[in-house]
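Undergrad: Structure for the following, please:
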Amino acid sequence: QVQLVESGGGLVQAGGSLRLSCAASRGTFSSYAMGWFRQRPGKEREFVSAISRNGGRTIYADSVKGRFTISRDNAKKTAYLQMNSLKPEDTAVYYCAADTNIATSSVRAYDYWGQGTQVTVSS
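TA: Purely as a prediction, here's the structure:
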């Protein structure tokens, strides 16, 4: 089964940018749709973005559309989330996840999860 490790989180000022990475080991990375989710303190985990196995289809939550870009490099077994124009409300732990089926916004559809990386946006 695939194992996922996120990196790239940190502290950034509002309006700044970060790029998150999700490195996969074991399994066949190109067999999985990949998703990014986030969890803010006291809140449920919520969908951010997802990408299909070949990268041809992407979906975004309305709250990040136009600011975040998801991508993947199957040769490097890595998915990315480029986050621009960050806002304090983007502060959360960000998780990547792998889905053996299609790219979807449903938390329950994802089979494998990373440990998360903290993103903090100061005002």
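
Undergrad: Once you drop chain neighbours, what's closest to Ala92?
TA: Among residues not flanking Ala92 along the chain, Arg38 sits closest, at 3.8 Å (Cβ to Cβ, 6 or more residues apart in numbering). For the C-beta atoms, the positions are set from N, CA and C on the backbone; glycine is no exception.

Undergrad: my bad, Arg57
TA: Nearest non-adjacent residue to Arg57 (Cβ to Cβ, 6+ apart): Ala103, at 5.9 Å.

Undergrad: now the one you found: how far from Ser17?
TA: 23 Å (Cβ to Cβ, to the nearest Å).

Undergrad: So the two - more neighbours on which side?
TA: Comparing Ala103 with Ser17 by neighbour count (other Cβ atoms under 10 Å), the higher total belongs to Ala103, at 21 against 11.

Undergrad: how close does that one sit to Thr58?
TA: 7 Å.

Undergrad: Can you check which residues contact both of those two?
TA: 50-52 (Cβ atoms under 8 Å, 6 or more residues apart in numbering).
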